[in-house]
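A.B. asks: got a sequence here, can you model it:
(chains A and B)
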Amino acid sequence: MQNKTIITILLVTLVISCSSTDVPEVTWGWYVIDPRTSQGWNNIIFMLNGFSATIRLSIVAAVFSMMIGLIVVLPGLSENRWIRLPSRIYVEFIRSVPLLPMLLWVFYGFPFLLKSMGVNIPIDPFWGAVITLAISDSAFTAEIYRGGIQSIEKGQTEAAKTVGLNYYQTMSYVILPQALRRILPALANQFIYIVKMSAFAYVIGMQELTKRAFELNSNEYRALEIYTFLIFEYLILVLVISFFVRWLERKLGADQRR
Amino acid sequence: MSKKTFAVEFKNVDKWFDDFQVLKNINLEISVGEKIVICGPSGSGKSTLVRCINNLENHQSGMIKVYGHEVSSKSKKDSKMLTQVGMVFQQFNLFPHLTVKENLLLGPMKALGLSRSDAEERAISLLKRVKIPEQVDKYPSQLSGGQQQRVAIARALCMEPDIMLFDEPTSALDPEMISEVLDVIIDLAKEGITMIVVTHEMGFAKKAADRMIFMDEGRIVETGAPEEFFKKPKTDRCKLFLNQILQH
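C.D. replies: Model (predicted):
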């Protein structure tokens, strides 16, 4: 009974407030990305050119992340807790720091640290972004590896041992090839995450998709149209990656048939 | 001839899993070329005993020697020495992402350093010996259990071991596949290789074993030649066990 009254009052207020305020006339500005005009076409090309940096950044960062993740996870699987400890600390620490503060620290803070040690090099935006993304992501990659490696039956390691393989041979010929197949979907997920996170690189001046859209908007003041276009750029990129991963999974799955 | 070198030698070996003692004061000497069959109820420590020989399990006290070399978790020469000891598991443990041939090549090429052509030659001749040369390019999952276990035997033999360990090699098989695997093991027994087999296949034991070992609760309770062992077991525990598994 009471609820009904309250809701009615709220609705009436809403209707009155809407009708009483004058809705300002909105002018749409899709011309900024209209391929039929030369300005629109140039703008589109300007934004599309960001793809190259986003893709390069994501791929290189993903490769580094997979390598760092592997280096971090292997000691983390040791039976000795003192060997396990640094790996654990790394994962917990890196996992807790958000990407944006980490980027700001690496790009703006770290050079001071270097300078104090007598090294005077500016951080290149591309490599700064690659290393930060890779490190930030490697904590998650390491955890994915750990799950994958631990899911391989103990008998595989034992069988490898009985045919004389040492630890590294067992890992590279027996355990990792099987683990990688199992974690492929999770790694792909992580790659998509990197692609999206690479947008943060705009704060350190990387000419990637987001930075391009941002720059264009500061000339054109067409935020809705430009950022809508930006979102579709990411959407298409991620869909292409998903499609490729599905294809890869089918291809790898075909010759194992477990 | 004061000191003979045994293929495998256990001296006062004890092993615990946490505070549960799985092996209690094991003393055992196995001569070169001898075929041993170990039986006993589950949980009696027979698998653990066998797995201590190739260091898949570590013992806590006592001494285990393989061809006079002491087995311990600390020695760095482990992997080299262990290639003398081949093993066949209950669950086959083939590498599922590799073909039959690749399963057989991995050890010889990576651990023994054989060239591909030498290793392939060896692999093919062993697949013929276990009677499945036609399966060479298939993946393990495309084979029956019996075929998989025969590949596992060939994979172990590829390392040209001096000792072969079989840990319940037919326990995970469908009944109609047991004999094809046992036939291969019996053929192998006719050659000079030292064999230690954990199994409940008493028909096989009668045919192939030089010596029977009966284990219960972590101890070797009885040993003997198969004829006496089956006809007149000395201990009541062994009598009871044999009655139970032979009554059907």
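A.B. asks: from residue A:205, how far off is residue A:149?
C.D. replies: 39 Å (C-beta to C-beta, to the nearest Å). C-beta here means a position set from N, CA and C on the backbone, and glycine is covered the same way.
A.B. asks: which one's more surrounded, these two?
C.D. replies: A count of neighbours by other C-beta atoms under 10 Å in any protein chain shown puts residue A:149 above the other of residue A:149 and residue A:205, at 22 against 13.
A.B. asks: dihedrals phi and psi, that one?
C.D. replies: In terms of degrees, to the nearest 10, the main-chain angles of residue A:149 are phi -70, psi -40.
A.B. asks: let me see the contact set for it.
C.D. replies: Residue A:149 sits next to A:73, A:77, A:175, A:176, A:179 when contact means C-beta atoms under 8 Å, 6 or more residues apart in numbering or on different chains.
A.B. asks: if we go to 10 Å?
C.D. replies: By C-beta atoms under 10 Å, 6 or more residues apart in numbering or on different chains, the contact set of residue A:149 is A:70, A:73-74, A:76-77, A:157, A:171, A:175-176, A:178-180, A:182-183.
A.B. asks: tell me the pLDDT at it?
C.D. replies: Here, the pLDDT recorded for residue A:149 equals 96.
A.B. asks: could you look up the SS state of the closest residue to residue B:52 other than its chain neighbours?
C.D. replies: Spatial nearest neighbour of residue B:52, chain neighbours left out: residue B:59 (5.2 Å); criterion: C-beta to C-beta, 6 or more residues apart in numbering or on different chains. When classified by DSSP: H, G, I helix; E, B strand; the rest coil, residue B:59 comes out as coil.
A.B. asks: ok so, going back, and the contacts of residue A:149, which two are furthest apart?
C.D. replies: The distance between the two most remote of these (C-beta to C-beta) is 18.6 Å, for A:76 and A:178.
A.B. asks: tell me, what residue is most central in chain B?
C.D. replies: residue B:165 (1.6 Å; C-alpha atoms, centre = their mean).
A.B. asks: dump the residue contacts of the closest residue to residue B:43 other than its chain neighbours.
C.D. replies: Closest residue in space to residue B:43, ignoring its immediate chain neighbours: residue B:217 at 8.0 Å, by C-beta to C-beta, 6+ apart. Residues near residue B:217 by C-beta under 10 Å, 6+ apart: B:21, B:22, B:24, B:40, B:41, B:43, B:44, B:45, B:237.
A.B. asks: quick check, the last one in contact with residue B:222.
C.D. replies: Yes - proximity of residue B:237 to residue B:222 meets the contact threshold set by C-beta atoms under 10 Å, at 8.0 Å.
A.B. asks: would you mind giving me the confidence score for residue A:174?
C.D. replies: 97.
A.B. asks: what's the burial count for the closest residue to it other than its chain neighbours?
C.D. replies: Of all residues not flanking residue A:174 in the chain, residue A:160 sits nearest, at 4.6 Å (C-beta to C-beta, 6+ apart). Using other C-beta under 10 Å, residue A:160 has 24 other residues around it.
A.B. asks: hang on, residue A:160 in a helix?
C.D. replies: Yes - with three-state DSSP as the criterion, residue A:160 is assigned to a helix.
A.B. asks: looking at the chain, which helix or strand does the model trust least?
C.D. replies: No chain in the question, so chain A it is. Lowest on mean pLDDT, DSSP states H and E among the helices and strands of chain A sits helix A:2-20, with a mean of 70.
A.B. asks: hm, I was asking about chain B
C.D. replies: helix B:78-82 (a mean of 55).
A.B. asks: what strands line up against the next helix-or-strand element following that one, and which way round?
C.D. replies: The helix or strand immediately downstream of helix B:78-82 is strand B:85-88, counting by DSSP states H and E. Sheet pairing of strand B:85-88 (DSSP bridges) gives strand B:163-167 (parallel).
A.B. asks: for the partner strand, output the C-alpha coordinates as CSV.
C.D. replies: Listed next in CSV are the C-alpha coordinates belonging to strand B:163-167 (Å, rounded to 0.1, in the frame of the first residue of the first chain):
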residue,chain,number,x,y,z
ILE,B,163,65.7,-54.5,-15.2
MET,B,164,62.0,-54.3,-16.1
LEU,B,165,59.4,-53.4,-13.4
PHE,B,166,55.7,-54.1,-14.0
ASP,B,167,53.3,-52.5,-11.6
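A.B. asks: helix or strand right after that strand?
C.D. replies: Next element after strand B:163-167 (DSSP H and E): helix B:175-189.
A.B. asks: on the pLDDT front, check the residue in the stretch 1-150 of chain A that chain B sits nearest to for me.
C.D. replies: Closest approach between the stretch 1-150 of chain A and chain B, counting by C-beta to the nearest C-beta: residue A:79, at 10.8 Å. On pLDDT, residue A:79 comes in at 85.
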